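A.B. asks: Here's a sequence, model it:
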Amino acid sequence: MRRELDIPVFHDDQHGTAVVVLAALTNGLKVVGKKFGDVEVVISGAGAAGIAIAKILLSKGVKNIVLVDSRGAIYKGRKEGMNPWKEEMAEVTNRKMEKGGIGDVIKGKDIFIGVSVPNLLTKDMVRSMNEDPIIFAMANPDPEIMPNDAKEAGARIVATGRSDFPNQVNNLLAFPGILKGALMVRAREINEEMKMAAAEAIASMVKNVSEDYIIPDSLDRGVAEKVAEAVAEAARRTGVARV
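C.D. replies: Here you go, the predicted model:
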C-alpha cells in the first residue's frame, strides 16, 4: 500500500507500538546509564509488532537483537516455522546465531521486550540477564511476567501494557499525533524519520525520568500536539511534505 498510494499508510499496532517502545526505552536507558549502541535485546514475539519493534531499534543503533517465536530463536538458515518476513529479519538480527528458547537466549541480555504470551518469563530468566535489566512485558491482559516478580528477580525497570501498573506502554501515545502531523503538512507517506521524531517527542514529555516514570500518561493531551509538531517537521525535512 505504501508503494501504491500517495497518502500516508500507517499500522498502529505495528508502528505505533514500535514508536512508544522506542520512546520508553529512550528514557529507560537514561535511568540505567546504558546506550542503544551497547545493549543487547531479546524480543519475544515475531509477528507484526515484534518485527516493527526490531526494525525501529535497528534504526536507532541497537546492534544485537534476537527475535524469538514459538519455535525458538530466529536465525539465518532456520527451516522450521519461517516465512518471508522472518527470513528478512534473520538477515539483520541475531548476529551471533544464537539458538534455543527464550530461557537460552535471554542470558546476558540487557532488555527483554515481550509482545507474545502470558507468564512466559520466569524469575530465573530475569536473574540470568545483564546487570540492571529492563523488562517490557506487554502481553495483555496478563503480561509475560508480573511486575512484582520481575522486580524481585532484579529487574531495574518494568513496563507493561496495563494501566494499573507504572510505565504503561500504550500506542495511544503515538497514533493521534503521528496522523495529525502527517495531515498538517499533507505528507505523502509516514517514513522512518517521522516515526523516530515521534518517539523522541514522546520521550521528551517526561521531565523527571525515574524507574517508575519513563513514559507519559496515556491520557496526557499535550503528547499528541508535541508529536504532531515533531512529525510535521520531520516530514518537511525529509521532503515528503506537500505544504
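
A.B. asks: May I have the predicted confidence score for Asp217?
C.D. replies: With respect to pLDDT, Asp217 has a value of 94.

A.B. asks: what's the burial count for it?
C.D. replies: Number of residues near Asp217 (other Cβ atoms under 10 Å) recorded here: 15. Every C-beta, even on glycine, is put in place using the N, C-alpha and C of the backbone.

A.B. asks: before we move on, what about the one 4 residues further on?
C.D. replies: As a burial measure, the neighbour count of Arg221 was computed by other Cβ under 10 Å and equals 8.

A.B. asks: got the domain boundaries for this structure?
C.D. replies: Here the chain is described, according to automatic domain parsing, as comprising the domains 13-160, 171-236.

A.B. asks: Quick check: the gap between Asp124 and Gly154.
C.D. replies: From Asp124 across to Gly154, the span is 11 Å (Cβ to Cβ, to the nearest Å).

A.B. asks: about what we covered before: mind checking which of the domains of the chain is nearest Ile7?
C.D. replies: Distance to Ile7, taken as Cβ to Cβ, is lowest for domain 171-236 among the domains of the chain, at 7.2 Å.

A.B. asks: which one of the domains of the chain lies closest to Arg3?
C.D. replies: domain 171-236 (9.7 Å).

A.B. asks: Looking at Asp124 and Gly154, which is more packed in?
C.D. replies: More crowded of Asp124 and Gly154, by other Cβ under 10 Å: Gly154, with 15 against 10.

A.B. asks: Quick one: residues contacting that one.
C.D. replies: 126-127, 129, 133 (Cβ atoms under 8 Å, 6 or more residues apart in numbering).

A.B. asks: cool, Ala18 as well?
C.D. replies: 49, 52-53, 55-56, 195.

A.B. asks: cool, Arg78 as well?
C.D. replies: 71, 90.

A.B. asks: Kindly report the same for Val223.
C.D. replies: Val223 is in contact with 173, 177, 201-202, 205, 216, counting by Cβ under 8 Å, 6+ apart.

A.B. asks: Which secondary structure state does the closest residue in space to Pro147 that isn't next to it in sequence sit in?
C.D. replies: In space, Pro147 comes closest to Val158 once its chain neighbours are excluded; the distance is 4.4 Å by Cβ to Cβ, 6 or more residues apart in numbering. Under DSSP: H, G, I helix; E, B strand; the rest coil, Val158 falls in the strand class.

A.B. asks: How many residues are close by Val158?
C.D. replies: Neighbours of Val158 (other Cβ under 10 Å): 27.

A.B. asks: The nearest residue to Val117 once chain neighbours are set aside sits in which helix or strand?
C.D. replies: Among residues not flanking Val117 along the chain, Ala139 sits closest, at 5.8 Å (Cβ to Cβ, 6+ apart). Using DSSP states H and E, Ala139 is not contained in any helix or strand.

A.B. asks: Please tell me I have it right and Ala139 contacts Ile113.
C.D. replies: No - Ala139 is beyond contact range of Ile113, at 10.9 Å (criterion: Cβ atoms under 8 Å).

A.B. asks: re earlier: as TSV, the contacts of Gly154 with neighbour count, distance to Ser70 and secondary structure would be great.
C.D. replies: Formatted as TSV, the contacts of Gly154 follow (neighbours: other Cβ atoms under 10 Å; distance: Cβ to Cβ, whole Å; DSSP: H, G, I helix; E, B strand; the rest coil):
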residue	neighbour count	distance to Ser70	secondary structure
Val126	21	21	helix
Arg127	13	24	helix
Met129	22	21	coil
Pro133	25	23	coil
